[in-house]
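In: When you get a sec, could you give me coordinates for this:
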Amino acid sequence: MEITRAEVCAAAVADAFAEDGEIFASPMGTMPMLGVRLARLTSNPDLVISDGESLFLAGTPPLFAAADVVEGWIPFRKVFDVVAHGKRHVMMGATQIDREGNQNISAIGPFAQPKRQLLGSRGAPGNTVNNRTSYWVPKHGPRVFVEQVDVVSGVGRPRAEAAGPAATRFHDLHRIVTNLAVLDFDGPGGEQSSVRLRSVHPGVTVDDVVAATGFALAIPDDVPETRLPTAEELILIREVLDPRGLRHQEVPA
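Out: Presented below is the predicted three-dimensional model:
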């Protein structure tokens, strides 16, 4: 069976968590959850995961399956203690991301009279100030990657620096995984973009990513191809973690 783009994305998400060590992984959405559980079964067995509601899991069950072995209790009110403590890596979605790494999940249009109301900023400001933060974007396009977000929900590095040491102490924007590429926040910043192209998925060119991005990315001289999942990872994805193929609802085969 041919390796699908969704499976490449799952492995890329797993790589984003591979070097975290023992940390609370908070994936938001199907693909982030799949990638985190894949990392736990391969590159980072020390990851702490939950059922997304109130339980820490000792096992690593399939997506949206009942918890098999429970090792702890994490009611919603306790999540804020973990957020403030900092031993957490969250992967959120993003309606907009700009060249400085700011994220918007709040509203589209002018703040005083937006055209469309979204989720609201919710935990995004606290996540970005206190925890390692990555983003999953299932449809890479210029309406998502914009020159300037309409509303700042997740905080980019320049805004954190402007707010002072309390906002920069744990500020750690890490990775963006999309259906086209992997990006990070190691660009030069300043007059140039903080968002840097890290790799392009098989079948995607650098020009494809540039055309789908609404600002000038930082692009290294040599942009590698995103790695393919290993045979072991494919078995885990297809037979253990996502036998129902939910990954292809986000990134069609």
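In: so who does residue 238 touch?
Out: Applying CB atoms under 8 Å, 6 or more residues apart in numbering, we find residue 238 in contact with 1, 7. The C-beta positions use only the backbone N, C-alpha and C, and glycine is treated the same way.
In: What pLDDT does the model give it?
Out: pLDDT recorded at residue 238 is 98.
In: and what of the one 3 residues further on?
Out: Looking at residue 241, its pLDDT reads 97.
In: and it, how many neighbours does it have?
Out: 25 (other CB atoms under 10 Å).
In: check contacts around it.
Out: So residue 241 contacts 34, 37, 38, 41, 60, 62, 63 (CB under 8 Å, 6+ apart).
In: ok, so of the residues you listed, who is nearest residue 170?
Out: Comparing these against residue 170 with CB to CB places residue 37 closest, at 25.0 Å.
In: Quick check: that closest one is in a strand.
Out: No. Using DSSP: H, G, I helix; E, B strand; the rest coil, the assignment for residue 37 is helix, not a strand.
In: Now do the strands in the stretch 101-250 of the chain.
Out: Per DSSP state E, counting those that start in this stretch, the stretch 101-250 of the chain carries strands over the ranges 103-104, 107-108, 116-117, 132-137, 145-146, 172-178, 181-184, 196-200.
In: The fifth one packs against which elements?
Out: Using 3 or more CB pairs under 8 Å, 6 or more residues apart in numbering; DSSP states H and E as the contact criterion, the neighbours of strand 145-146 among helices and strands are strand 96-98.
In: need the contact list for the spatially most central residue of the chain.
Out: Nearest to the geometric centre of the chain sits residue 135, at 2.6 Å (CA atoms, centre = their mean). Counting by CB under 8 Å, 6+ apart, residue 135 touches 91, 92, 93, 94, 97, 103, 154, 175, 176, 177.
In: among the residues you listed, who's most crowded?
Out: In terms of neighbours by other CB under 10 Å, the contacts of residue 135 top out with residue 177 at 31 neighbours.
In: Dump the contacts of residue 135 to CSV, plus distance to residue 7 and pLDDT.
Out: Output for these, formatted as CSV (distance: CB to CB, whole Å; pLDDT from 0 to 100):
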residue, distance to residue 7, pLDDT
91, 17, 98
92, 22, 96
93, 20, 97
94, 22, 97
97, 24, 98
103, 26, 98
154, 27, 97
175, 18, 98
176, 18, 98
177, 13, 98
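In: Dump those residues to a markdown table, plus distance to residue 120.
Out: Output for these, formatted as a markdown table (distance: CB to CB, whole Å):
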| residue | distance to residue 120 |
| --- | --- |
| 91 | 19 |
| 92 | 13 |
| 93 | 13 |
| 94 | 14 |
| 97 | 17 |
| 103 | 13 |
| 154 | 13 |
| 175 | 24 |
| 176 | 21 |
| 177 | 24 |
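In: just to revisit the earlier point, comparing the strands of the stretch 101-250 of the chain by mean pLDDT, which bottoms out?
Out: Averaging pLDDT over each of these puts strand 116-117 lowest, since it has a mean of 92.
In: can you give me the helices in the stretch 1-150 of the chain?
Out: Assigned by DSSP state H, counting those that start in this stretch, the stretch 1-150 of the chain shows helices spanning 5-17, 30-41, 76-85, 124-130.
In: Among the contacts of residue 135, list the two that are farthest apart in space.
Out: Taking CB to CB as the measure, these span a maximum distance of 15.3 Å, between 154 and 177.
In: about what we covered before: ok, which of the helices of the stretch 1-150 of the chain comes nearest residue 148?
Out: Nearest of the helices of the stretch 1-150 of the chain (CB to CB): helix 124-130, 16.5 Å.
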